[in-house]
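> coords please:
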Amino acid sequence: MRTLKLITRFYSGIFLANFLVTLSCIGLLIFYGAHAMELIGVLFWYKIITIGMIFSTWIYYKKKELYYYQNLGISKIKLAVATSTFDFLLWLIAIIITTKR
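As a prediction, the model looks like this:
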């Protein structure tokens, strides 16, 4: 439970950037309407690349904060996997809901 709270605290710092990327993907799908299914592959790679860029930028600017998490037993890899997986699942759910319309 403590690990989940710490990961949530870490993710709260990058949530806005990741959520804005998700909203831009949804906006593009809505804008293109009938041709939206052709964009799914491009949007998939767009999301994967931006997750990596946002996370690496956050790591670069918050180096000292990472020592806090490492001292509590949470590695960078665990933070990266947990936050990226959650964010990708959020994106996937949003895309599924948008394309069902």
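> show me what the host helix or strand of Phe44 is packed against.
Taking DSSP states H and E as the criterion, Phe44 maps to helix 40-61. When contacts are defined as 3 or more C-beta pairs under 8 Å, 6 or more residues apart in numbering; DSSP states H and E, helix 40-61 packs onto helix 2-32, helix 76-100. Quick note: C-beta positions are derived from backbone N, CA and C, even for glycine.
> where does the closest residue in space to Ile7 that isn't next to it in sequence land on pLDDT?
For Ile7, ignoring the flanking residues on the chain, the nearest one in space by C-beta to C-beta, 6 or more residues apart in numbering is Ala82 at 4.8 Å. Note for Ala82: predicted pLDDT of 94.
> just Arg2 next, same as before
Model confidence at Arg2 (pLDDT) stands at 89.
> now Ser75: how far from Ile7?
Using C-beta to C-beta, to the nearest Å, we find Ser75 at a distance of 11 Å from Ile7.
> those two: which has the busier surroundings?
Legend: neighbour count by other C-beta atoms under 10 Å for Ser75 and Ile7, higher for Ile7 (18 against 11).
> list the residues that contact that one.
Going by C-beta atoms under 8 Å, 6 or more residues apart in numbering, Ile7 touches Ile74, Lys78, Leu79, Ala82, Thr83.
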